Structures are given as structure tokens and as C-alpha cells.
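Novice: what's the 3D shape of this:
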Amino acid sequence: MKTKLIIIPAILISALFLMSLYPIDGYDRTGIKRLYRLQKMEMDSIDNKRIPDGAYKKLADIKLNLLSRRRDSASALLIEDPEFSRAVQRITPGGAYSLAILDMSNPDSLKYADHRENVGYQPGSVGKIAVLAALFTELHKVYPDSADFDLRMGLICNKRVKARYWGTGDHHTIPIYDIEKDKLTKRQVVASDEFSVIEWADHMVSVSNNGAASVVWREAMLISHFGKKYADITEEEAEAYFKDTPRDSLTDRANRIVNDPLRKLGISSDEWRLGSFFTGAANKYVGDKGGSTGTPIGLMKFLVSLEQGNVIDEQSSLEMKRLLYMTDRRIRYARAPQLDDAAVYFKSGSFYKCDRVKNPDCSAYAGNVYNYMNSVIIVEQPNGKKYICCLMTNVLNKNSAGAHMYLASSIDKLINPKES
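Specialist: Residues are numbered from 1 along each chain as shown. Model prediction:
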């Protein structure tokens, strides 16, 4: 596909004409190299056992499901359906489980149920969705007209930035694909790594890399400060901004950038807020503020707003949904076999702590002090059944990945019963 030249003030960018992002056929429009590999495997009929059939949805197939309810507030759509609620209660485990579920198969007849939906949990990597919203919000401020959406996307698909110290210190790996050598390498981020902003966003969402999340948050701050000049700034100018700006001012800006978009959607600070970067190295210049928390109702309000096209605007909502489309290995809730044929838009997060004095064998994702595991997902089955689930748990001494998967199966069977 040929590129389209888009002139951004102060710089000429050879920009890709962009409509979409995450699905396998999105490489030509985004330059995300891992998608090229997946697309090549599909074209060459190479069996990819890593991802199920539901991961092969095309760009044009991904749509927003609640556009017809766009004028309603998200809260107005989340009215409990008594019968559906009783059915959900029957399959929900006892203990530290909280969830919210919306069956949106028929937008004119929604079914909603929840359980301990206002209980706060440490959101972990689910909070990266707020960073994604922050990036698109700052882009919208620079290019506010809907006709300028290609300028927003051309900017982040062509602006290449290095990780520097911001992106280091995370154990999660990222996929690095060499197109010429047809070689895929998975390793941790190093300071010299350089990708486009959109590819950093892909690393943040698809493999939940913490360093990538800090880089994307950093770039959102830079866009907020430099505006249209952001396209031209050098690495030295970016670092000078952080070095020369008072720490409290940077902390306030960072906090405002990720939380203001949530407040505009009617999500309170008690329902969802983000208070710190995802890597400690960022604390060199930006401090923590307010702590982080999330609730099923707060996350549900966001995903409903996304489906309505109300997270910034319809185009931004659609692009964020495409970034959440799972074309990588499915884990936890998304791993349920009942979802293999479904398109899923998914983010998971965990946060745990072990007291090894109490239990020397305390293991990863099975903390005995706290053990948060969260899954938020949009499921679209081939037969038209569509629903959102926000699940948050804090079950001590146990890796809850399997429990999330089994509950996912039960929820899908409830909403999408198989014909006998």
C-alpha cells in the first residue's frame, strides 16, 4: 500500500493513511512490525497454534456496538436486570470477587448485572487503558477536528522515540521482528530501543510491557506540553523539558493527563484512578500522586463509553478498541475455550505481594499479603452474542488465572447457551 503525504506544521511526515490498528491485516496502515509477521503466516498458510480462530477478524469488521445509544450516559445504560442478575449471582464464586457484566447483544434491550461492583482493587496493568486514553486525548487537543484524525494517527505512527531510562526495569518482554531476516526476537526493553509511538502503544497493550506504558505516558505529557511542535522535538529537547520543569508541576500534569479523561466520562476518582508510572525509573522526574484504584463499575463505564464512541470521539474510540483486539496469546479470562471463535478485546492486570516469613514458598501471582488479578473484556461471538465483563479479584495464596478462565466459561454459557 502506498503512503500518503500528510503535512504537519513544522515537519513533513511521510504518513500512512490510517484507519485502523491492531488486527493482523493492519501492518500496511500502522507499521507495527509484529503484524507483518502474523499477516505473512496467514498468507503462507502457516498454522499459528498460538492464537485461536477469533483472532483473525479484519480491520473493517471491527465496529462499535453501542453507537445507537450514544446520547445516553454510560450510567443510564447500567440498570440491573433482575433475572439476569440472579443468574449471574448463581455462578459467581464467594469471597473476594467483584464483577460487572453487560449483555449488549441487543442494544435496545440491554441486560446488566453486577456483584460488589464498587469495591476498589489495585488495577495493575488494566490501568494501561487509561494511558491509552490519555494519548488519544492529547492528540485530539492538538488536532481537534474530526477531519484531522489522519494527522493524529500519522503523527504517532511516524514519530519514533527511544525508550531511554523510562522504558527499562520491566521483566515483560516485547516482540521485535526483523522483516528482512524474517526473525522474531523476544526480550526485555533496553534504553536504546526505538519504535514509533503507536508501536510502543502496541507493546503496552498486547504484551502488557510496563516500560512501554511509561514511554507512552511520557509521550502524552510531551504532546500536552509542546502541542504541534511535538512532531519536531528532539530527544535532547524532550529530556530538557523534564529536567527543567519543577517536579511537582510534572507530577500534576502526569496525573491530570491520565485521570481527566476518566472524569469526563463520569467515572469518579474512587471508581478508577491512576497515580503512578509503571516503571520506577520515571520517578526520576515525576512523582506518584493519589494512588491507583479500580472498580468493576468504573471500568465498565469506560468500556461502555468506548462502545458508544464517547471516549474522546467516535474515531478515537474505534482505534482504541482495535488496539485492544487480541491477536496475541490469550491468557486468564480470555483463555476460556468457549471464546476461541469469538473476537475478544482484552486487558488483564495483576499485582501481588508475598510475605515469605509466613510462607517461604509463596509464589508469583499467588501473594499472601495481597493478590490482585483483574480482567476486562469485550466478547463478540460469531452468532451475534456480544457482552462486556469486568472482573476483579483478590484471592490470597492462589493463582486465580484458572478461576478467571472457568468463570469466563460459565458467563459465556449463560449469555450464549449452545443449542442442543
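
Novice: and the strands in the stretch 151-300 of the chain?
Specialist: 160-162, 173-178, 183-188, 194-196, 272-273, 293-294 (DSSP state E, counting those that start in this stretch).

Novice: let's have the ones you listed in a markdown table, adding mean pLDDT and distance to Glu236.
Specialist: Quick note: C-beta positions are derived from backbone N, CA and C, even for glycine. What follows is these, written out as a markdown table (pLDDT from 0 to 100; distance: least, CB to CB, whole Å):
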| stretch | mean pLDDT | distance to Glu236 |
| --- | --- | --- |
| strand 160-162 | 96 | 11 |
| strand 173-178 | 84 | 25 |
| strand 183-188 | 87 | 25 |
| strand 194-196 | 94 | 15 |
| strand 272-273 | 98 | 33 |
| strand 293-294 | 96 | 37 |
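
Novice: pick the most buried one from those strands.
Specialist: strand 272-273 (a mean of 26; mean count of other CB atoms under 10 Å).

Novice: can you give me the helices for the stretch 51-200 of the chain?
Specialist: Secondary structure of the stretch 51-200 of the chain (DSSP state H, counting those that start in this stretch): helices located at 74-77, 82-91, 128-142, 149-158, 197-206.

Novice: helices or strands up against the shortest one?
Specialist: With contacts defined as 3 or more CB pairs under 8 Å, 6 or more residues apart in numbering; DSSP states H and E, the secondary structure elements packing on helix 74-77 are helix 296-308.

Novice: quick one: average confidence on the helix it packs on?
Specialist: Mean pLDDT, computed over helix 296-308, is 98.

Novice: any idea of the angle it forms with helix 128-142?
Specialist: Taking axes from the mean of the first three to the mean of the last three CA atoms, to 10 degrees, one finds that helix 296-308 is oriented at 40 degrees with respect to helix 128-142.

Novice: adjust the sequence numbering to begin at 49 for everything that follows.
Specialist: Shifting the count to begin at 49 puts that one at helix 344-356.

Novice: export helix 344-356 to PDB, keeping only CA atoms.
Specialist: Extracted in PDB, the C-alpha atoms of helix 344-356 (Å, rounded to 0.1, in the frame of the first residue of the first chain):
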ATOM      1  CA  PRO A 344     -15.700  -3.100  38.100                       C
ATOM      2  CA  ILE A 345     -18.200  -0.300  37.800                       C
ATOM      3  CA  GLY A 346     -15.600   2.300  36.800                       C
ATOM      4  CA  LEU A 347     -14.000   0.000  34.200                       C
ATOM      5  CA  MET A 348     -17.500  -0.900  32.900                       C
ATOM      6  CA  LYS A 349     -18.400   2.700  32.400                       C
ATOM      7  CA  PHE A 350     -15.200   3.200  30.400                       C
ATOM      8  CA  LEU A 351     -15.800   0.200  28.100                       C
ATOM      9  CA  VAL A 352     -19.500   1.200  27.600                       C
ATOM     10  CA  SER A 353     -18.400   4.700  26.700                       C
ATOM     11  CA  LEU A 354     -15.900   3.200  24.300                       C
ATOM     12  CA  GLU A 355     -18.600   1.100  22.600                       C
ATOM     13  CA  GLN A 356     -20.800   4.300  22.400                       C
END
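
Novice: what's the first helix or strand after it?
Specialist: As assigned by DSSP states H and E, the chain's next helix or strand after helix 344-356 is helix 362-371.

Novice: and the angle for the helix or strand just after that next one with helix 362-371?
Specialist: Downstream of helix 362-371, the first helix or strand assigned by DSSP H and E is strand 391-401. Relative orientation of strand 391-401 and helix 362-371, computed by the same axes, to 10 degrees: 70 degrees.

Novice: in strand 391-401, what counts as buried?
Specialist: In terms of neighbour count (16 or more other CB atoms under 10 Å), strand 391-401 has its buried residues at Ala391, Val392, Tyr393, Phe394, Lys395, Ser396, Gly397, Ser398, Phe399, Tyr400.

Novice: thinking again about what came up before, as a markdown table, the helices of the stretch 99-248 of the chain with distance to Pro385 and mean pLDDT would be great.
Specialist: Compiled in a markdown table, the helices of the stretch 99-248 of the chain are given as follows (distance: least, CB to CB, whole Å; pLDDT from 0 to 100):
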| stretch | distance to Pro385 | mean pLDDT |
| --- | --- | --- |
| helix 122-125 | 30 | 96 |
| helix 130-139 | 17 | 97 |
| helix 176-190 | 26 | 97 |
| helix 197-206 | 35 | 93 |
| helix 245-254 | 21 | 93 |
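
Novice: same list (the strands of the stretch 199-348 of the chain) but as a markdown table, adding distance to Asp101.
Specialist: As requested, the strands of the stretch 199-348 of the chain are exported to a markdown table (distance: least, CB to CB, whole Å):
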| stretch | distance to Asp101 |
| --- | --- |
| strand 208-210 | 34 |
| strand 221-226 | 21 |
| strand 231-236 | 22 |
| strand 242-244 | 29 |
| strand 320-321 | 33 |
| strand 341-342 | 31 |
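
Novice: any idea which of those strands gets closest to Ser353?
Specialist: Of all the strands of the stretch 199-348 of the chain, strand 320-321 sits nearest to Ser353, with 11.7 Å by CB to CB.

Novice: for this structure, name the helix or strand with the lowest mean pLDDT.
Specialist: Across the helices and strands of the chain, mean confidence by mean pLDDT, DSSP states H and E is lowest for strand 59-63: a mean of 30.

Novice: on that earlier part again, go through the strands of the stretch 199-348 of the chain and name the closest to Lys349.
Specialist: In terms of CB to CB, the element of those nearest to Lys349 is strand 320-321, at 8.0 Å.

Novice: so what secondary structure elements neighbour that closest one?
Specialist: helix 295-312, strand 341-342, helix 344-356.

Novice: among the ones you listed, which is the most enclosed?
Specialist: Comparing those by mean count of other CB under 10 Å gives helix 344-356 as most buried, with a mean of 27.

Novice: kindly confirm my reading that Met421 is in a strand.
Specialist: Yes - the assignment for Met421, made by DSSP: H, G, I helix; E, B strand; the rest coil, places it in a strand.

Novice: model confidence score at it, please.
Specialist: 96.
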